[in-house]
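Peer 1: predicted model, plus sequence, below.
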Amino acid sequence: MNLDKDLVAAMATPLVLAILAEGRSYGYAILKRVHDLSAGEIAWTDGMLYPLLHRLERLGHVQATWGESPEGRKRKYYELTAVGETALAEHRRQWATANRTLGGLWGAILPAGPTPEAAR
Amino acid sequence: MSVDTEQRIAQWRAALTRSAAVTEADADELEEHLRDRMGDLEARGLDADEAFLIAVKRLGATDAVTAEFAREHGDRLWKQLVPRAAVVPGDRPFLEMVLFAALAAVVIQVARLLADAAEPNADWYLRNLPFFVLPVLGAYFVRVRRIPVRRILPLAGVVAALALVVNLYPFAPAPANGSYADPPQTLFLAIAHVLVVLWFVVLAAYSGGDPWSASRRMDAVRFTGEWVIYYVLLALGGGVLLALTMLVLQPVAPGAVDGVLAWVLPSGAAAATVVAAWLVEAKKSIVENLAPVLTAVFTPLFGAGLVVAVVVYLVAGFTGPFDRDLLIGFDVLLLVVVGLVLYGLSARDALAPTGAMDVVRLVAVVAAVVLDLLVLGSMLSRIAEFGTTPNRLVALGFNLLLVVDLAVTAVLALRRGPGTYARMAAWQTGFLGAFALWALFVVVGVPPLFGFA
């Protein structure tokens, strides 16, 4: 199943912020995490993640620092800031509302579906 | 990893950074991503080449990715318009520019105050006006280019000789009422052409004191066009600033308005010559030059207008009275066409095959030459009839020079073949010397011819 483009776009920001809330990370790892969480159903064009990360950096939601990968290559790490945490909380509230509203209509269908573990 | 794959990664990276929206740091980040992905794929048993292909595919088409970067970093596409030096005021070229701009501003004020103190009615100040400004601009290039003394001396010699000529020639005295507005014709012509000769001196300094190299000469032509554009822009901005200042001062200090005009206007105009020159230099490599762009827009329009004019003249015949003003008008017209040709050639790759723009340019040149010859013929007879004045002679001489320049250009363009455009450019830049000599003749030779009247 491929998710609707607009829905993916709407999810992108909260998804990235939520992944960074787990701890600092970098582009490739974020994409892998998205892939795992969605059991491969949410697939971005990899390159599109970086303009999004740069936008979040410009808004002050994340902070970027250059570090090194285990192989010794330059790697850019992103970290959630306090502003980003506030933004994430707001996103969460909105998604909860959307979830509750559709859940009220669709009942039990919504929470079901493949969990990451089940997909493996 | 194989050399081949490394090369392909480098090529992919180069394609990304070709977009102004993607910086080297962004490319680092994307390349690291690419290598991470390739590492994972190779761990699953793919070879380096396959891993590269898949990783690149997953990153997305290069132009789609760069377009997305451009959407997020639109400012980067624009920031390039700011000369780097302006961002770092401690920069040495910037300081040199400020110094020479200030020098130009001060020199012109000192000259003005001296002139006022000596003799309020003397035309000394106006007569020497070009010498207060352009030599400072020349000195700026002497400094920036680190021109050796042996090359400065001839340039300084030309400036000094011109100053002597303008000041020692016994021009007819100004009218008894002492107005600046009505100098003798030959003096007015001499001053106007001193400006031209001094500009050539500035260009010689711009070329590092070596005006004889053809490629440097084309650079000097480019510089002139860009400088004019920047100067006009600065003048527009400065004009608005002055007008607003006067508007604000008017109610509280009406007397200050004259002071602002006398102090700020000449200094600002003089300093802007240096600032404009610095802008041209600072931005040369960053932004596409404006003069060729304007040329590309206006060449077809002028071409069409000239063709229409030729047809109208041929159909209607010469019935109207032709006077000196019309001749000057035609001088300006031909000058514009020469400019269009020069800047068109300056932006053109000399090896590229003939294109539509070359045809349009040729049509414009031929139409201009035909039109000018038609008018010139009838005008010559009139000059013979009414006798000649300094103004008529100068306008006519300049016209002949321009016609020769354009006619030869047209002949060169018609003789197609390899090297045509290089030959045209060489002819055009070479002929600039003739214009310089003519301007020198108007300063040095014409006043005695007409008894300094």
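Peer 2: Looks like it arrived, so ask away.
Peer 1: hey, C-alpha coordinates of stretch A:95-107 in PDB?
Peer 2: Output of stretch A:95-107 as PDB, limited to C-alpha atoms (Å, rounded to 0.1, in the frame of the first residue of the first chain):
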ATOM      1  CA  TRP A  95      -2.700  14.300  15.400                       C
ATOM      2  CA  ALA A  96      -4.500  13.100  18.500                       C
ATOM      3  CA  THR A  97      -7.500  15.100  17.500                       C
ATOM      4  CA  ALA A  98      -7.500  13.700  14.000                       C
ATOM      5  CA  ASN A  99      -6.900  10.200  15.300                       C
ATOM      6  CA  ARG A 100      -9.800  10.500  17.800                       C
ATOM      7  CA  THR A 101     -12.200  12.000  15.200                       C
ATOM      8  CA  LEU A 102     -11.600   9.200  12.700                       C
ATOM      9  CA  GLY A 103     -11.400   6.600  15.400                       C
ATOM     10  CA  GLY A 104     -14.900   7.700  16.600                       C
ATOM     11  CA  LEU A 105     -16.200   6.800  13.100                       C
ATOM     12  CA  TRP A 106     -14.100   3.800  12.200                       C
ATOM     13  CA  GLY A 107     -13.800   2.400  15.700                       C
END
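Peer 1: find the residue closest to the residue positioned nearest the centre of chain A in space, skipping its chain neighbours.
Peer 2: With distances taken as CA atoms, centre = their mean, chain A has A:Leu15 as the residue nearest its mean C-alpha position (2.0 Å). Using CB to CB, 6 or more residues apart in numbering or on different chains and skipping the chain neighbours, the partner closest in space to A:Leu15 is A:Val34 (6.2 Å). Yep, even glycine has a C-beta here, placed from its N, CA and C like the rest.
Peer 1: repeat for B:Gly209
Peer 2: B:Arg151 (3.2 Å).
Peer 1: mind listing what's buried along the longest helix anywhere in chain A?
Peer 2: With secondary structure taken from DSSP state H, chain A has its longest helix at helix A:82-106. By neighbour count with 16 or more other CB atoms under 10 Å in any protein chain shown, helix A:82-106 contains the buried residues A:Gly84, A:Ala87, A:Leu88, A:His91.
Peer 1: off-centre distance for that helix?
Peer 2: The gap between the average C-alpha position of helix A:82-106 and the chain average comes to 14 Å, counting by CA atoms, centre = their mean, to the nearest Å.
Peer 1: got a list of contacts for it?
Peer 2: A:13-14, A:17-18, A:20-21, A:56, A:59-62, A:80, A:110-111 (CB atoms under 8 Å, 6 or more residues apart in numbering or on different chains).
Peer 1: before we move on, what about stretch B:47-65?
Peer 2: A:45-48, A:50, B:1-2, B:4-5, B:8-9, B:12, B:15-16, B:22, B:30, B:33-34, B:37-39, B:41-42, B:46.
Peer 1: looking at that stretch now, give me its mean pLDDT.
Peer 2: Per-residue confidence for stretch B:47-65 averages out to 88 on the pLDDT scale.
Peer 1: now that stretch - C-alpha only, PDB.
Peer 2: Output of stretch B:47-65 as PDB, limited to C-alpha atoms (Å, rounded to 0.1, in the frame of the first residue of the first chain):
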ATOM      1  CA  ASP B  47      28.700  -4.900  -5.900                       C
ATOM      2  CA  ALA B  48      29.800  -1.300  -5.700                       C
ATOM      3  CA  ASP B  49      28.400  -0.300  -9.100                       C
ATOM      4  CA  GLU B  50      24.900  -1.700  -8.400                       C
ATOM      5  CA  ALA B  51      24.900  -0.200  -4.900                       C
ATOM      6  CA  PHE B  52      25.800   3.200  -6.400                       C
ATOM      7  CA  LEU B  53      23.000   3.000  -9.000                       C
ATOM      8  CA  ILE B  54      20.300   2.000  -6.400                       C
ATOM      9  CA  ALA B  55      21.500   4.600  -3.800                       C
ATOM     10  CA  VAL B  56      21.500   7.400  -6.300                       C
ATOM     11  CA  LYS B  57      18.000   6.300  -7.500                       C
ATOM     12  CA  ARG B  58      16.700   6.300  -3.900                       C
ATOM     13  CA  LEU B  59      18.200   9.800  -3.300                       C
ATOM     14  CA  GLY B  60      16.100  11.100  -6.200                       C
ATOM     15  CA  ALA B  61      16.700  12.800  -9.500                       C
ATOM     16  CA  THR B  62      19.400  15.400  -9.200                       C
ATOM     17  CA  ASP B  63      17.300  18.200 -10.500                       C
ATOM     18  CA  ALA B  64      14.300  17.300  -8.300                       C
ATOM     19  CA  VAL B  65      16.500  17.300  -5.200                       C
END
